[in-house]
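*Asks:* Quick one: sequence plus predicted model below, questions after.
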Amino acid sequence: MDKVVLVRYGEVALKTPYVRSFMERRLLEHIKFILDRNNVKYGEIKLISGRIFVRNVENAYEIAKIVSNIFGVVSTSPAVEVQTKLDSIREAVIEYSRKVLKDNMTFAIRARRVKKFPVKSKDLERILGADVLEALKGRNIRVNLTSPNITIYVEVRSRKTYIFHEVLEGVGGLPYGVEGKAISLVSGGIDSPVATWLIMKRGVKVIPVYFNSGKFTSEEAVEKAHKVMEILRKWVPEKEFYFYEVNYEKALNEMVKKVKPQLVCLACKRTMLKTAIKLAIKEEAKAVITGESLGQVASQTLDNMFAIGYDLKFPILRPLIGLDKEEIVKIARKIGTYNISSKAAVECKASPVFRGYKAAAHADISVISELEETVEIDELVNELVKNTRKVFI
Ligand code: ATP
Ligand code: MG
């Protein structure tokens, strides 16, 4: 009996053969990369008709857990592998049940088989169920087909048979990078890391960009943003990962000097978007991602979003647009950014609220052309792109 991990993937399997094999290859590479990065031992990784098998592993559960967090994976199971022969299967199921069934437990056997295996699935379930009862006699172990404590799954394939009882839910989505690239506006807050992750999960390679406002922000806020990048990095199954850090102090200073306090956020957000678009073009990325959620704060009213993004000819992805804060927080917890993102820190001393004003919640687009002129946003953007460094992590 060898220990293996079964890896199931979903949507990839629905693609045309060409796309499918491209995606499967990427997924295999990612599994290898992540396992190596975690220093775990395994014999080989094989793809056989719609399933990936990580063979000869030492700690199958640990590996199943790690692999379940790779984009594109629907579920995993730590399992044992035996020859597809009735005797070997019977012996293995008995041994397996000895390990997983505790006294007084109920169980069920669920079998599936390839057609050419001579024993029908239902018959196999009966044979194996009787074997287990007999082998574990005296321990008050019973069969319960409707709600057993443990279900032992037996998957009979042509050459090998797999026995397992746990199915670990995977993150799903598509393999990282198969959908091309996007630039993502990432702060250390709760929302933007979640937005970034959701797009990564759909197969997009993401290059985050962080605007460091210097004297207008706090050391804690900068540190939060950097830590968030490190957490996002953990989800990336590739050797190279970097983000852009924009030196934003001077530009923000210009805005504070020249723009009505109520409108600073609008000018700032539009400048960020425009800079991100420039970086996207440079990177041959096809979209810019933001963490905006409709109506969440003053700058995220529909009116303001319309104004901020007015006439920008580039796709802007806002994956959180229809989510409530609680839904966003739930994802932030799941992906590991919440604890850092939720720490209090002074984010922006240039904001109207910080300076005792109210932010304009329903800007008219005429304001935008005014802002474009008073602060010369396009020139700021050209400067900002130059004042940007790549940070590899
Ligand atoms: P978050 O929780 O992501 O900080 P937020 O709810 O605080 O978002 P805003 O401050 O209005 O929202 O910012 C809207 C979006 O603009 C953010 O989700 C993010 O995508 C981007 N953004 C804001 N500040 C920065 C920054 N310093 N660097 C990069 N992107 C930023
Ligand atoms: Mg924020």
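*Replies:* Sure thing, it's come through. Numbering: from 1, shown residues only. Ligands and ions are numbered 1, 2, ... in the order given.

*Asks:* how about the residues of the stretch 151-300 of the chain near ligand 1?
*Replies:* 185-187, 189-192, 209-211, 272, 290-292, 296-297, 299-300 (C-beta under 6 Å from any ligand atom). Every residue, glycine included, has its C-beta placed from N, CA and C.

*Asks:* Which among those residues count as buried?
*Replies:* Of the members of those, the ones counted as buried by neighbours, 16 or more other C-beta atoms under 10 Å, are 185-187, 189-192, 209-211, 272, 290-292, 296, 299-300.

*Asks:* circling back to that earlier point, considering only the residues of the stretch 151-300 of the chain next to ligand 1, which also neighbour ligand 2?
*Replies:* The overlap between those and the neighbours of ligand 2 (C-beta under 5 Å from the ion) comes to 187, 189.

*Asks:* residue in the stretch 201-350 of the chain nearest to ligand 2?
*Replies:* residue 347 (5.5 Å; C-beta to the ion).

*Asks:* So that residue sits against residue 222, correct?
*Replies:* No. Using C-beta atoms under 8 Å, residue 347 is not in contact with residue 222; the gap is 10.0 Å.

*Asks:* Show me where the stretch 201-350 of the chain has its helices.
*Replies:* Along the stretch 201-350 of the chain, counting by DSSP state H, counting those that start in this stretch, helices occupy 219-234, 249-258, 264-283, 302-308, 325-335, 338-341.

*Asks:* need the residues of the stretch 51-200 of the chain near ligand 2, please.
*Replies:* Within the stretch 51-200 of the chain, the positions lying close to ligand 2 (C-beta under 5 Å from the ion) are 187, 189.

*Asks:* Buried residues in stretch 232-249, which are they?
*Replies:* Neighbour counts over stretch 232-249 (16+ other C-beta under 10 Å) mark 232, 235, 236, 237, 241, 243, 244, 245, 246, 247, 248, 249 as buried.

*Asks:* Which neighbours do residue 347 and residue 222 have in common?
*Replies:* With contacts taken as C-beta atoms under 8 Å, 6 or more residues apart in numbering, the residues that reach both residue 347 and residue 222 are residue 188.

*Asks:* Following element in sequence after the lowest-mean-pLDDT helix or strand in the chain, please.
*Replies:* Ranked by mean pLDDT, DSSP states H and E, the weakest helix or strand in the chain is helix 365-374, scoring a mean of 90. Per DSSP states H and E, the first helix or strand lying C-terminal to helix 365-374 is helix 377-386.

*Asks:* Now the element after that next one, going C-ward?
*Replies:* Proceeding N to C from helix 377-386, the next assigned helix or strand is strand 388-392, under DSSP H and E.

*Asks:* Distance check, the closest residue to ligand 2 within the chain against residue 329.
*Replies:* For the chain, the residue closest to ligand 2 is residue 189, as judged by C-beta to the ion, at 3.1 Å. Using C-beta to C-beta, to the nearest Å, one obtains 12 Å as the distance from residue 189 to residue 329.

*Asks:* With residue 226 instead?
*Replies:* Look at residue 226 and residue 329: by C-beta to C-beta, they are 21 Å apart.

*Asks:* Can you tell me the SS state at the closest residue to residue 160 other than its chain neighbours?
*Replies:* Closest residue to residue 160 in three dimensions, ignoring its sequence neighbours and counting by C-beta to C-beta, 6 or more residues apart in numbering: residue 81, at 5.2 Å. Each residue gets one of three states, and residue 81 gets strand by DSSP: H, G, I helix; E, B strand; the rest coil.

*Asks:* Just grab the bridge partners of residue 81 for me.
*Replies:* On the basis of DSSP bridges, residue 81 is bridged to residue 2, residue 162.

*Asks:* Could you tell me which residues make contact with it?
*Replies:* Counted by C-beta under 8 Å, 6+ apart, residue 81 has contacts 1, 2, 3, 4, 53, 55, 160, 161, 162.

*Asks:* Return the members of the residues you listed classed as buried.
*Replies:* Buried by 16+ other C-beta under 10 Å: 3, 4, 53, 160, 161, 162, out of the contacts of residue 81.

*Asks:* Am I right that the second one sits in a strand?
*Replies:* Yes. Counting by three-state DSSP, residue 4 is part of a strand.

*Asks:* That one contacts residue 55, doesn't it?
*Replies:* Yes. Residue 4 lies in contact with residue 55 (C-beta under 8 Å); the separation is 5.2 Å.

*Asks:* For ligand 1, see how far away residue 330 is.
*Replies:* Distance, residue 330 to ligand 1, using C-beta to the nearest ligand atom, to the nearest Å: 15 Å.

*Asks:* Can you give me the neighbour number for that residue?
*Replies:* Neighbour count for residue 330, taken as other C-beta atoms under 10 Å: 14.

*Asks:* Which helix or strand contains the residue of the chain closest to ligand 2?
*Replies:* Using DSSP H and E, residue 189 maps to neither a helix nor a strand.

*Asks:* How much space separates the residue lying closest to it once chain neighbours are set aside from residue 171?
*Replies:* In this structure, residue 189 finds its nearest non-sequential neighbour in residue 341, 5.7 Å apart by C-beta to C-beta, 6+ apart. Separation of residue 341 from residue 171 (C-beta to C-beta): 19 Å.

*Asks:* more crowded one of these two?
*Replies:* The neighbour count for residue 341 versus residue 171, taken as other C-beta under 10 Å, is higher for residue 341 (25 against 17).

*Asks:* close enough to count as contact, that one and residue 229?
*Replies:* No. Using C-beta under 8 Å, residue 341 makes no contact with residue 229, being 11.8 Å away.

*Asks:* Show the contacting residues for the one residue in the stretch 101-250 of the chain that gets nearest to ligand 1.
*Replies:* Residue of the stretch 101-250 of the chain nearest ligand 1, by C-beta to the nearest ligand atom: residue 189 (2.3 Å). Residue 189 makes contact with 291, 341, 347 under the criterion C-beta under 8 Å, 6+ apart.

*Asks:* Next, work out how far apart the first one and residue 181 are.
*Replies:* It refers to residue 291. 18 Å.

*Asks:* Could you do the last one as well?
*Replies:* To residue 181, residue 347 is 27 Å away according to C-beta to C-beta.
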